[in-house]
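A.B. asks: what's the 3D shape of this:
(one chain, ligands or ions: 2)
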Amino acid sequence: MSLTGLFSPRWPGVALFDLDGTLVDSAPDLAAAVDQMLEHLGRSPAGLDRVRDWVGNGASILVRRALAGQSDWEPVRPKDDVLFKDALAIFYHAYGQINGRHSVVYSGVEACLRHLKQHGCKLGVVTNKPEQFVEPLLKQMGLGHWFDISIGGDTLSVKKPNPTPLLHAMEALGGTRGTTVMVGDSAADIDAALAAGMPCVAVRYGYNFGRPVDALGADAVVDSLDELL
Ligand SMILES: O=C(O)COP(=O)(O)O
Ligand SMILES: [Mg+2]
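C.D. replies: Numbers count the residues shown, from 1 in each chain. Ligands and ions are numbered 1, 2, ... in the order given. Alright, predicted model coming up:
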């Protein structure tokens, strides 16, 4: 599918957006909360550059990666599970206070959302971020009013790359696979869209676990969302 086939006046009817790394650069807040958690546990901070590459599979896996100090974390012994539960609680508390403080909306996002809304498109957020942090972040970023639905990583029993959250949002907004597009920054978004059977746009400026997003099977790859208009 070419770029000109995407975002024409009557298409899409529903557009679903990933949040972290696509609409909002939230890694600075996530890194600050991870580092507060690590310091609370007497460990060295991980820093923004490492934490950015750990974002995209939700808060639990972010905390698992932070405790392991790397992307690949081993399933842990029961003793370490207690540590994980404590770490997760500390992270939730810290992130609840920091969420939105250092985050910024990416260039091109507002223009894209305005264009789609003006053409009657329904808009949704489908993120792996825990639900309790989603609305506060959207509101602080001045983006909340654009969206007709938001699905967090714990809203349903499964999260991206499982296609269910995308299909759930699509159906709630009255869309079909042929009239819906997913826009995201990572393999989790693209794999979910492929499994859902819906077209997908990937952005290059996001996180994607520190890897390029070009060859992952998206229908279009862009440097800014205003390229789609
Ligand atoms: O919390 C995360 O891992 C980020 O989630 P998202 O990229 O799906 O918005
Ligand atoms: Mg993302």
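
A.B. asks: in this protein, what residue lies closest to ligand 2?
C.D. replies: Gly21 (3.7 Å; CB to the ion). Every residue, glycine included, has its C-beta placed from N, CA and C.

A.B. asks: my read: that residue touches Ala187, true?
C.D. replies: No. If you go by CB atoms under 8 Å, Gly21 and Ala187 don't touch, sitting 11.5 Å apart.

A.B. asks: what about these two, which has more around it?
C.D. replies: Neighbour comparison, Gly21 and Ala187: the larger count goes to Gly21, with 25 against 20 (by other CB atoms under 10 Å).

A.B. asks: show me what contacts the more buried one?
C.D. replies: Neighbouring residues of Gly21 by CB atoms under 8 Å, 6 or more residues apart in numbering: Ala27, Val55, Gly56, Gly184, Asp185, Ser186, Val203, Tyr205, Gly206, Tyr207, Asn208.

A.B. asks: which of those residues sit farthest apart?
C.D. replies: Ala27 and Gly184 (15.2 Å; CB to CB).

A.B. asks: could you check which of these two has the larger neighbour count?
C.D. replies: Applying other CB under 10 Å to Ala27 and Gly184 shows that Gly184 carries more neighbours, namely 32 against 22.

A.B. asks: where does the residue of the chain most remote from its centre land in three-state SS?
C.D. replies: The C-alpha centroid of the chain is most remote from Lys79, which lies 30.9 Å away (CA atoms, centre = their mean). State at Lys79, reduced to three classes by DSSP: H, G, I helix; E, B strand; the rest coil: helix.

A.B. asks: got it, and Leu123?
C.D. replies: Classified using three-state DSSP, Leu123 is strand.

A.B. asks: surely it meets His145?
C.D. replies: No. Using CB under 8 Å, Leu123 is not in contact with His145, being 10.1 Å away.

A.B. asks: for the two, indicate the residue with more neighbours.
C.D. replies: Leu123 (21 against 9).

A.B. asks: who's that one bridged to?
C.D. replies: Per DSSP bridges, the residues bridged to Leu123 are Ala15.

A.B. asks: can you read off the pLDDT for it?
C.D. replies: Per-residue pLDDT puts Leu123 at 98.

A.B. asks: is it true that Gly175 touches Gly13?
C.D. replies: Yes. With contacts counted by CB under 8 Å, Gly175 reaches Gly13, the gap being 5.5 Å.

A.B. asks: more neighbours: which of these two?
C.D. replies: Ranked by neighbour count (other CB under 10 Å), Gly175 and Gly13 place Gly175 first, with 23 against 19.

A.B. asks: look up phi and psi at the residue of the chain closest to ligand 2.
C.D. replies: phi 90, psi -10 (degrees, to the nearest 10).
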